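Colleague: Next input, structure requested:
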Amino acid sequence: MLSSSVGAKTRVLIVDDSSFMRMAIRGILSKEPTIDVIGTAADGVEGVEKAISLKPDLITMDIEMPRMDGISALKQIMSKAPTKVLMVSTLTNEGAKATFEALDAGAIDYIPKNITDSSEAQNIFREELIKKVREATRSSILRASPGMTTPRSPSVVTPTPRQVAKSSKIHSKKITHVGIGASTGGPVALQEVISRIPMNFPYGVVVAIHMPKAFTGPYADRLNTKCSIAVKEAVDGETVKPGTILIAPGGMHTQLVRGAGGLVVKTSPTSAYPQYVYIPSVDLMISSMAEATGGSMLGVVLTGMGNDGFKGMQLLKQKGGVTLVQDEATSTIYGMPKACVDGGVADEVMPLGQIGFEIGKFMG
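Modeller: Model (predicted):
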């Protein structure tokens, strides 16, 4: 286990070619009593060398650097000295694509790089950085090899008789839609889930995953190339179609309302719902979907920090819907699923590798 022991400080290595960013990140983290910045590196080559020699608990990694870029450095680190890596990404289309490539290669999470002259932007970056470092430190998952999302075991694809009995019980309920929520670890986990949903799946799927505005479009495009079922970013006023997965756009909230042709996407600015801290809100998406479908839906909550999704799943259960959450062993952060389990609103708790198959069974 590479996370720091109880009571010990989290030892962080900062890798960035910008001296300004190295100083900014160091300045923020050094003020935290639970964090110890043990070194910095100005490019990927130096980053790999220091990862091996200093053995940090966590590395913050820039993507664009001379000599060796962040993704190449990440791959070397994961093969030579597996370490939790937090990518520092630009809020651009290209930055988003590189970030998802890094997550596939083993990075645990990412933070958007948005340091400007604006004190508000600086405060947001500071809060996000500290939050992400704390989350990564708590995570029990270390994905050491490219493309490996979680530890695999035969039980992932070979359920026990008890699991089969419970599974058949949840599939006895009628559904018309699927709503999925995720946060930290979610981009890789969601890809794992929906890549196992068959092409002819007859129900519409809507996903809310905590992401900035610039990332959800490229993320949907990426998933669309990797899955047999169509994936796209949701647009305000769009009807949810059978066999299509809609990704709620970042930077705003998404609700589902009943329209003449079925469920319709309704996006709202975050100012309209100040009570929802997480954006897009999983609670708001699943709650509205439960109302619009009269409870005839499957709600799924994957890995993530906090408890977003619990209230939505609670309402869905009250309306007679079906709820399924990711188990602790395969969750990068067992916060959102745990809230559902502890609150008694999870019909099923499953390893990540089984969830997509389970969703597919609702075709029957």
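Colleague: Every contact and neighbour count from this point should use C-alpha atoms.
Modeller: OK.
Colleague: mind listing what's buried in stretch 327-335?
Modeller: 327-328, 330-335 (16 or more other Cα atoms under 10 Å).
Colleague: The residues you listed in strands, which ones?
Modeller: The subset of the buried residues of stretch 327-335 located in strands under the criterion DSSP state E is empty.
Colleague: got the contact list for residue 235?
Modeller: Contacts here follow Cα atoms under 8 Å, 6 or more residues apart in numbering; on that basis residue 235 touches 249, 265, 267.
Colleague: where's it relative to residue 212, distance?
Modeller: 16 Å (Cα to Cα, to the nearest Å).
Colleague: Next: residue 239.
Modeller: From residue 239 to residue 212 the distance is 23 Å (Cα to Cα).
Colleague: Compare the two and say which is more crowded by neighbours.
Modeller: Using other Cα atoms under 10 Å, the more surrounded residue of residue 239 and residue 212 is residue 239, with 21 against 18.
Colleague: If that one is in a bridge, with which residues?
Modeller: Counting by DSSP bridges, residue 239 is bridged to residue 264.
Colleague: now the helices for the protein?
Modeller: 19-30, 44-54, 70-80, 93-104, 119-138, 154-157, 161-170, 186-194, 213-226, 282-293, 310-318, 336-342, 352-360 (DSSP state H).
Colleague: deepest of the ones you listed, which one?
Modeller: Mean neighbour count (mean count of other Cα atoms under 10 Å) peaks for helix 282-293 among the helices of the chain, with a mean of 25.
Colleague: which outside residues touch stretch 266-275?
Modeller: Residues contacting stretch 266-275 (Cα under 8 Å, 6+ apart): 235-238, 251-257, 279.
Colleague: How far off centre is it?
Modeller: 21 Å (Cα atoms, centre = their mean, to the nearest Å).
Colleague: Send me it as CSV with only the CA atoms.
Modeller: The C-alpha trace of stretch 266-275 is given here as CSV (Å, rounded to 0.1, in the frame of the first residue of the first chain):
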residue,chain,number,x,y,z
LYS,A,266,-33.3,20.4,-19.4
THR,A,267,-30.0,22.1,-18.6
SER,A,268,-29.8,24.9,-16.0
PRO,A,269,-27.0,27.2,-14.8
THR,A,270,-25.5,26.3,-11.5
SER,A,271,-26.9,29.6,-10.0
ALA,A,272,-30.4,28.1,-10.4
TYR,A,273,-29.6,25.3,-7.9
PRO,A,274,-27.0,26.7,-5.4
GLN,A,275,-27.9,23.9,-2.9
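Colleague: Chain neighbours aside, what residue packs nearest to residue 126?
Modeller: residue 28 (6.3 Å; Cα to Cα, 6 or more residues apart in numbering).
Colleague: so which of the helices of the chain gets nearest residue 176?
Modeller: Ranking the helices of the chain by distance to residue 176, with Cα to Cα as the measure, places helix 282-293 first at 7.5 Å.
Colleague: pLDDT averaged over the closest one - what is it?
Modeller: Computed over helix 282-293, the mean pLDDT rounds to 97.
Colleague: Then stretch 221-238?
Modeller: 95.
Colleague: now do the same end-to-end measure for that stretch.
Modeller: With Cα to Cα as the measure, stretch 221-238 spans 17 Å from end to end.
Colleague: With distance to residue 60 added, can I get the helices of the chain in JSON lines?
Modeller: Converted to JSON lines, the helices of the chain look like this (distance: least, Cα to Cα, whole Å):
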{"stretch": "helix 19-30", "distance to residue 60": "9"}
{"stretch": "helix 44-54", "distance to residue 60": "10"}
{"stretch": "helix 70-80", "distance to residue 60": "10"}
{"stretch": "helix 93-104", "distance to residue 60": "12"}
{"stretch": "helix 119-138", "distance to residue 60": "9"}
{"stretch": "helix 154-157", "distance to residue 60": "32"}
{"stretch": "helix 161-170", "distance to residue 60": "40"}
{"stretch": "helix 186-194", "distance to residue 60": "18"}
{"stretch": "helix 213-226", "distance to residue 60": "19"}
{"stretch": "helix 282-293", "distance to residue 60": "27"}
{"stretch": "helix 310-318", "distance to residue 60": "31"}
{"stretch": "helix 336-342", "distance to residue 60": "24"}
{"stretch": "helix 352-360", "distance to residue 60": "26"}
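Colleague: looking at these, which has the lowest confidence?
Modeller: When I compare those, helix 154-157 is least confident, with a mean of 38.
Colleague: So which of the contacts of residue 235 is the closest to residue 9?
Modeller: Checking these against residue 9 with Cα to Cα, the nearest one is residue 249 at 36.4 Å.
Colleague: Let me know the distance separating that closest one from residue 243.
Modeller: Distance of residue 249 to residue 243, given as Cα to Cα: 19 Å.
Colleague: Of the two, which one has the most company?
Modeller: residue 249 (28 against 20).
Colleague: The more buried one and residue 218 touch, don't they?
Modeller: No. In this structure residue 249 lies outside contact range of residue 218 using Cα atoms under 8 Å: 10.6 Å.
Colleague: Tell me who's in contact with residue 230.
Modeller: Taking Cα under 8 Å, 6+ apart as the criterion, residue 230 is in contact with 199, 224, 243-245.
Colleague: and the chain, what are its domains?
Modeller: Following automatic domain parsing, the chain resolves into domains at 10-138, 158-363.
Colleague: what about the residue nearest to residue 339 when sequence neighbours are not counted, neighbour count?
Modeller: Leaving out its chain neighbours, the residue that sits closest to residue 339 by Cα to Cα, 6+ apart is residue 307, at 5.4 Å. Counted with other Cα under 10 Å, the neighbours of residue 307 add up to 18.
Colleague: and residue 307, what pLDDT?
Modeller: 95.
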